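[1] Could you work out the structure for the sequence below:
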Amino acid sequence: MFARKRLDIGGTDLLAGLAACAGAFDEEGPRARVEGVFARDGDERRAIACLSVRSGLDLFLREVALPRGSEVLMSALTIPDMWKIVEHHGLVPVPVDLDPRTLSPTIERWRAAASPRTRAVVLAHLFGARVPLGPVAALARERGWFLLEDCAQSWTGDQDRGSPLADVSMFSFGPIKTASALAGGVLVVRDPAILERMRAAQASYPVQERQKYFTRILKYSSLVALTKRPLYTAFVRWCRVRGVDHDQLIQGSVRGFAGGEFFEKIRHRPSAPLLRLLARRLESRNRWRIDGRVARAQRLLQGLARAQGRVAVPGADLAFHSHWVFTLLVDDPERVVLELREAGFDATRAASLRSVPAPSGRPVLEPREAQRILSRTVYAPCYPEMSERAVDRMAAAIVRAVERSQEPLAEVVLTPAQPRHFFQSSRSRR
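    Residues are numbered from 1 along each chain as shown. Below is the predicted model:
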């Protein structure tokens, strides 16, 4: 069985991380290398390396100190920790519903959700797609709001430092991200005064325990080995025999900052071993993996074209889509997952994304479209280690499953040609 996702970290990287835990003590050198990757014009002071994106967002909100009760507009699909952090700072997260074709709110929805208490906007680029910031950036400038973009799922290297239109661009290098270092985040902060305050605050944090990072590397080394096809097939069969839900087992194993004392956990600065491995990953040439997964996604899209009207790919209308994960919207997601697993592809509906709840007393802001996306989403395996023949077999299995559904997804049309634009342009920049 093909695993749902292959972690983007190799054996030599894992060994380098373990070695760093034994001997790396200099924080400043690897920190400068990490932050330098995201610098503009060689100014590494524009970026800050953190333990995670969660840690960085918490730092930013602490230092800008928005008035309590201020509202933060958030694109309606994100991980719950993001709005948990917003609430912790006495702020009100306000969901802004999405257009599934662009994975972004329309400018009309941004305007409708705003109020005199709005002070900031957080837009998440989802599933590997990247949303143009022009319209919402213009609105933010007009109203005097901070604009933050969450690039955790869209980063592709290639000098990607985030949009210059954003006040803050956030990048994650956790376990399932591109160029993973199994932890770590970088924030590009375009106000030097705010950035310096964030640096000073983080310097007062305790350092991440290297023993914990060492244990983390060992755990994910096992997961990397497990995603090899023969071992993964045996693992799924073992779970079935034991009556264990392998979906829950996998999701639980990759959760960040699980358990209690959330803010105590995120308020650490990254250790020297983490910074050293993150610098190694950022400086490595990872283009082949990104190009490979986009090529497989393009082939899968072509195979799904004959199911047009019954399968939609969120964000298919965007010119930039790197397919960090391959997502489908279907009427009967349980049937599609079952048929794909029977065909040897471990598709899943499990995900860390949730819809941001509407604030009290404003039910009109309930993000219905985001909830519909979540209720119909299937995540299918799609990565360069899969052969073209395997991708074709998976497309055929998806088509068989959706042809048995009762109602078509007529309101969202699959447009397989659009993402090819990014694939071609990314190769031309190499």
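
[2] roughly how far apart are residue 92 and residue 26?
    Distance of residue 92 to residue 26, given as CB to CB, to the nearest Å: 42 Å. Every C-beta, even on glycine, is put in place using the N, C-alpha and C of the backbone.

[3] same deal with residue 136?
    Going from residue 136 to residue 26 by CB to CB gives 40 Å.

[4] before we move on, the earlier item: who's more crowded, residue 92 and residue 26?
    Comparing residue 92 with residue 26 by other CB atoms under 10 Å, the one with more neighbours is residue 92, at 20 against 10.

[5] Enumerate the beta-bridge partners assigned to that one.
    Under the criterion DSSP bridges, residue 92 forms beta bridges with residue 71.

[6] quick one: contacts for it?
    Each residue near residue 92 by CB atoms under 8 Å, 6 or more residues apart in numbering is listed here: 69, 70, 71, 72, 86, 117, 359.

[7] domains of the chain?
    If you go by automatic domain parsing, the domain ranges for the chain are 11-203, 287-428.

[8] wait, which of the ones you listed is closest to residue 227?
    When the domains of the chain are compared by CB to CB, domain 287-428 sits nearest residue 227, at 8.9 Å.

[9] would you list every one of the strands in this structure?
    Secondary structure of the chain, counting by DSSP state E: strands at 47-50, 71-75, 77-78, 92-96, 118-124, 146-150, 168-172, 185-189, 326-329, 354-355, 377-380.

[10] Any idea which of those strands gets closest to residue 342?
    With CB to CB as the measure, strand 377-380 is the member of those nearest residue 342 (13.8 Å).

[11] If you rank the contacts of residue 92 by neighbours, which is first?
    Using other CB under 10 Å as the neighbour criterion, residue 72 leads the contacts of residue 92 with 26 neighbours.

[12] gap between that one and residue 165?
    Counting by CB to CB, the gap from residue 72 to residue 165 is 18 Å.

[13] And for residue 382?
    Distance from residue 382 to residue 165, counting by CB to CB: 30 Å.

[14] Among the two, which residue is more densely surrounded?
    Neighbours around residue 382 and residue 165, counted as other CB under 10 Å, are more numerous at residue 382. The numbers are 29 against 17.

[15] shaky segments in the stretch 301-430 of the chain?
    Residue ranges of the stretch 301-430 of the chain with pLDDT under 70: 405-430.

[16] Stretch 151-159: end-to-end distance?
    Start-to-end span of stretch 151-159 (CA to CA, to the nearest Å) is 13 Å.

[17] Go ahead and confirm residue 155 touches residue 169.
    No. Using CB atoms under 8 Å as the test, residue 155 is too far from residue 169 to be in contact (9.4 Å).

[18] hmm, back to that, residue 364 is nearest to which of the strands of the chain?
    With CB to CB, the closest approach to residue 364 among these belongs to strand 92-96: 11.0 Å.

[19] now the closest one: how far from the chain's centre is it?
    Averaging C-alpha positions (CA atoms, centre = their mean, to the nearest Å) puts strand 92-96 19 Å from its chain's average.

[20] circling back: can I get the contacts of residue 92 in CSV with distance to residue 296?
    Converted to CSV, those look like this (distance: CB to CB, whole Å):
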residue, distance to residue 296
69, 47
70, 43
71, 41
72, 36
86, 36
117, 45
359, 41
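
[21] Residue 104: which of these is nearest?
    Nearest to residue 104 among the contacts of residue 92 is residue 72, at 16.4 Å by CB to CB.

[22] That closest one touches residue 93, doesn't it?
    Yes. Counting by CB under 8 Å, residue 93 is a contact partner of residue 72 at 5.5 Å.

[23] Pull up the overlap in contacts between these two.
    Common contact partners of residue 72 and residue 93 (CB under 8 Å, 6+ apart): residue 86.

[24] center of the chain - which residue?
    Most central in the chain under CA atoms, centre = their mean is residue 153, positioned 2.9 Å from the mean C-alpha point.

[25] ok, the spatially closest residue to residue 254 that is not a sequence neighbour - contacts?
    Leaving aside its sequence neighbours, residue 254 sits nearest to residue 175 (CB to CB, 6 or more residues apart in numbering; 5.3 Å). Counting by CB under 8 Å, 6+ apart, residue 175 makes contact with 7, 182, 183, 220, 223, 254, 256.

[26] What separation do you get for the fourth one and residue 365?
    Going back to what we said before, that points to residue 220. Here residue 220 is placed at a distance of 38 Å from residue 365 (CB to CB).

[27] again, but for residue 22
    For residue 22, the distance to residue 365 equals 51 Å [CB to CB].

[28] Compare those two and say which is more crowded by neighbours.
    The neighbour count for residue 22 versus residue 365, taken as other CB under 10 Å, is higher for residue 365 (20 against 9).

[29] which residue ranges form the helices in the stretch 151-300 of the chain?
    Counting by DSSP state H, counting those that start in this stretch, residue ranges of the helices within the stretch 151-300 of the chain are 192-203, 210-226, 229-242, 246-253, 262-266, 272-283, 287-304.

[30] Sketch out the helices for the stretch 301-430 of the chain, chain order is fine.
    For the stretch 301-430 of the chain, applying DSSP H, counting those that start in this stretch gives helices covering 333-342, 368-376, 388-402, 420-428.

[31] Dump these to JSON lines, plus distance to residue 280 and mean neighbour count.
    JSON lines is the format used below for these (distance: least, CB to CB, whole Å; neighbours: other CB atoms under 10 Å):
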{"stretch": "helix 333-342", "distance to residue 280": "35", "mean neighbour count": "18"}
{"stretch": "helix 368-376", "distance to residue 280": "35", "mean neighbour count": "18"}
{"stretch": "helix 388-402", "distance to residue 280": "31", "mean neighbour count": "19"}
{"stretch": "helix 420-428", "distance to residue 280": "22", "mean neighbour count": "15"}
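
[32] any chance of those in a markdown table, plus distance to residue 50?
    Formatted as a markdown table, these follow (distance: least, CB to CB, whole Å):
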| stretch | distance to residue 50 |
| --- | --- |
| helix 333-342 | 35 |
| helix 368-376 | 27 |
| helix 388-402 | 36 |
| helix 420-428 | 27 |
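
[33] Which of those sits closest to residue 16?
    Taking these one by one with CB to CB, helix 420-428 is closest: 26.6 Å.
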